[in-house]
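1. Sequence first, then the predicted structure, then my questions.
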Amino acid sequence: MKSGRVRRSASCLLTAAIVLAVSGALAQAAENLVKNGDAETGALDNWDGFAGVFSDGAHGGKHCFLIKTVVGPGTHCFSKELIPIDPAKAYKLSGWFRSIGNAKSRIHLGYTPYDAKKEVIAPWNAACWPNSETVLAADCNADDTVVKIANGAAWGTYGGSVIAFDVDDSGKFADLPNRHISSLGIMKVVNKGQCWEVNLRSKCGRTYPAGTKVREHGSGNTHLFNAAGAEVVPTEWTQYSGTIRESAKSTMVNDQWAPGTAYVRIVIFSNLGQDNAEELQVLADDIVMTEDPGWTLQFSDDFNRSELNAGAAQAAAPDWQVVNGKWRIENGMLRGESAADIVLLRHIPGDQRLEFDAVAQPDNICDLTGILGTNERGGYAEGYFFGFGSENNTSSKLLRKDREVNRCDERIVPGKLHHIVCQRSGNVLTHIVDGKVILTYDDAQPLIGPGHDMVGLYIYGAGSIDNVKVYTKGPGAK
Ligand SMILES: [Ca+2]
Ligand SMILES: [Ca+2]
């Protein structure tokens, strides 16, 4: 059965979750994240831009979509529903197309990226000109068309460029996607000796004082066409596909998520730049976006029971081993306190990904932390410590065998249920909180194999954890 045709009811999902919780080891289903990607509702539900549903010779099922270009520079079709993505996971996008016009159509297939506020991320928000960080050499007023900057040596003339203001020049690009931007179009950049003058096409529209950090933005893709880029579609059904595995730091390119991407829409351009427009028609079917099957769910626990049934170190406990502190089930969650360290009693070889929800108790906030690469007695000291809200909630930090390798000032929000991901994929550690990568580390000698094939949790203060999920992939994964 094609995943594209699976429509699950809520009760089915619930049943599936229970089965997973009980068995603890089941391959992750590759669910199509695109609603009606196969046209099998028989209507254009969830889509804009298609000319209609075609019910003759679909690739799969009874129906497919018809794309017609009548006038203008091609046809823009997109899925209406915003699809949430996790930047630490890989996603595959594929679609089938077939030209049926008098000439063959060209197809683009990919994503339009959106940030966590569901605002579109455009090149002028997130595609940086390398090394263009500088400061305003004079105050900038909303009516100005000439803006003075200290150093324009790395700036270029481009109709799709803007000046981005209040930028983070630390190398972390934390301002991206940057919404503090000038009007569109940098027409000229002139070296005046004391400063450089940036000539805009129109009034800049922003007021900032001299000394404000600025950067040039705009040289990149508006859409992430990772599955098809101007491909000439044959008259037989042909599949196009691509996989995005990582986020870009400061660019917009086809095979990486734009900086700050939290949602996407599927986007299809047909016949872009082709002139025999009235002759062009193409069919589309089975548009499928799935999580990369590389990560397999190995264990999950929702703690919806009365007893934890965990033992002290070296006692034979089911599933969980208390290493330190106090752990108990409370209100369907796993509550830990007093420098509490717990390990999942299960060997999980291969790459590891630990996901959980966590909330701190209001009076004693310190650490809602995941552990990878440890063993049944070692706790965090033997593995990787993904510290969130460590040091009395003043910082977050990555430790390798108790030695700090990276840190940031991300903190626990009191009362908030955070979603936390701790991941080691090959040499790369990634720590994600609420969809945002907060820390990474490239370990030349990763902690893997016997003695480092377990995962755990750590709470120094007091907090509760729910919906633990452990995934594996890569060499050695079972
Ligand atoms: Ca179909
Ligand atoms: Ca629960």
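-> Thanks, I have it. Residues are numbered from 1 along each chain as shown. Ligands and ions are numbered 1, 2, ... in the order given.
2. Residue 166 versus the residue in the stretch 301-450 of the chain that ligand 1 sits nearest to, what's the distance?
-> Scanning the stretch 301-450 of the chain for proximity to ligand 1 using Cβ to the ion identifies residue 435 as nearest, at 31.6 Å. C-beta here means a position set from N, CA and C on the backbone, and glycine is covered the same way. Per Cβ to Cβ, to the nearest Å, residue 435 is found 23 Å from residue 166.
3. can you check residue 322 too?
-> On the measure of Cβ to Cβ, residue 322 and residue 166 end up 47 Å apart.
4. higher neighbour count, these two?
-> It is residue 322, of residue 322 and residue 166, that has more neighbours when counted by other Cβ atoms under 10 Å, with 20 against 14.
5. Quick check: that one touching residue 311?
-> Yes: Residue 322 lies in contact with residue 311 (Cβ atoms under 8 Å); the separation is 6.7 Å.
6. The residue of the stretch 301-450 of the chain closest to ligand 1: what's it in contact with?
-> For residue 435, the contact set (Cβ atoms under 8 Å, 6 or more residues apart in numbering) comprises 84, 86-87, 116, 262, 419.
7. Most neighbours of all these, which one?
-> residue 87 (23 neighbours).
8. my guess is that one contacts residue 249, does it?
-> No: contact criterion Cβ under 8 Å: residue 87 and residue 249 do not qualify, at 11.3 Å.
9. which regions of this protein sit below the pLDDT cut-off?
-> Residue ranges of the chain with pLDDT under 70: 1-30, 70-72, 276-278, 293, 312-317, 475, 477-478.
10. Pick out the residue of it closest to ligand 2.
-> Closest approach between the chain and ligand 2, counting by Cβ to the ion: residue 332, at 3.6 Å.
11. Hmm, that residue is touching residue 308, no?
-> No: contact criterion Cβ under 8 Å: residue 332 and residue 308 do not qualify, at 11.9 Å.
12. which one of these two has more residues nearby?
-> Legend: neighbour count by other Cβ under 10 Å for residue 332 and residue 308, higher for residue 308 (20 against 13).
13. if I pick residue 390, what's in contact with it?
-> 366-367, 369, 396-397, 460.
14. quick one, phi/psi of it?
-> Main-chain torsions, residue 390, degrees, to the nearest 10: phi -80, psi 170.
15. Same check on residue 34?
-> phi -100, psi 120.
16. Just confirm it contacts residue 266, I think it does.
-> Yes: if you go by Cβ under 8 Å, residue 34 and residue 266 touch, sitting 5.7 Å apart.
17. contact partners of stretch 247-259?
-> With Cβ under 8 Å, 6+ apart as the criterion, stretch 247-259 contacts 85, 87, 110, 113, 121, 123, 126-128, 130, 173, 176-177, 220-222, 224-226, 229, 242, 244, 246, 261, 437.
18. Narrow the residues you listed to those in helices?
-> 123, 126 (DSSP state H).
19. are any of the contacts of stretch 247-259 buried, and which?
-> 85, 87, 110, 113, 121, 123, 126-128, 173, 176-177, 220-222, 224-226, 229, 242, 244, 246, 261, 437 (16 or more other Cβ atoms under 10 Å).
20. isn't residue 429 right up against residue 385?
-> No: when contacts are counted by Cβ under 8 Å, residue 429 is not listed as touching residue 385 (10.3 Å).
21. The two: who's more crowded?
-> residue 385 (28 against 25).
22. which is the next helix or strand following the strand or helix carrying that one?
-> Per DSSP states H and E: residue 385 is located in strand 384-389. Of the helices and strands lying after strand 384-389 in sequence (DSSP H and E), the nearest is helix 390-393.
23. Which of the residues in that next one are classified as buried?
-> Quick answer for helix 390-393 (16+ other Cβ under 10 Å): 390, 393.
24. tally of neighbours for the closest residue to residue 300 other than its chain neighbours?
-> When the adjacent residues along the chain are set aside, residue 300 lies closest to residue 469, with 4.7 Å between them (Cβ to Cβ, 6 or more residues apart in numbering). Residue 469 has 19 neighbours, counted by other Cβ under 10 Å.
25. Which residue, other than its chain neighbours, is closest to the residue nearest to the spatial centre of the chain?
-> Nearest to the geometric centre of the chain sits residue 87, at 1.9 Å (Cα atoms, centre = their mean). Leaving aside its chain neighbours, residue 87 sits nearest to residue 247 (4.5 Å; criterion: Cβ to Cβ, 6+ apart).
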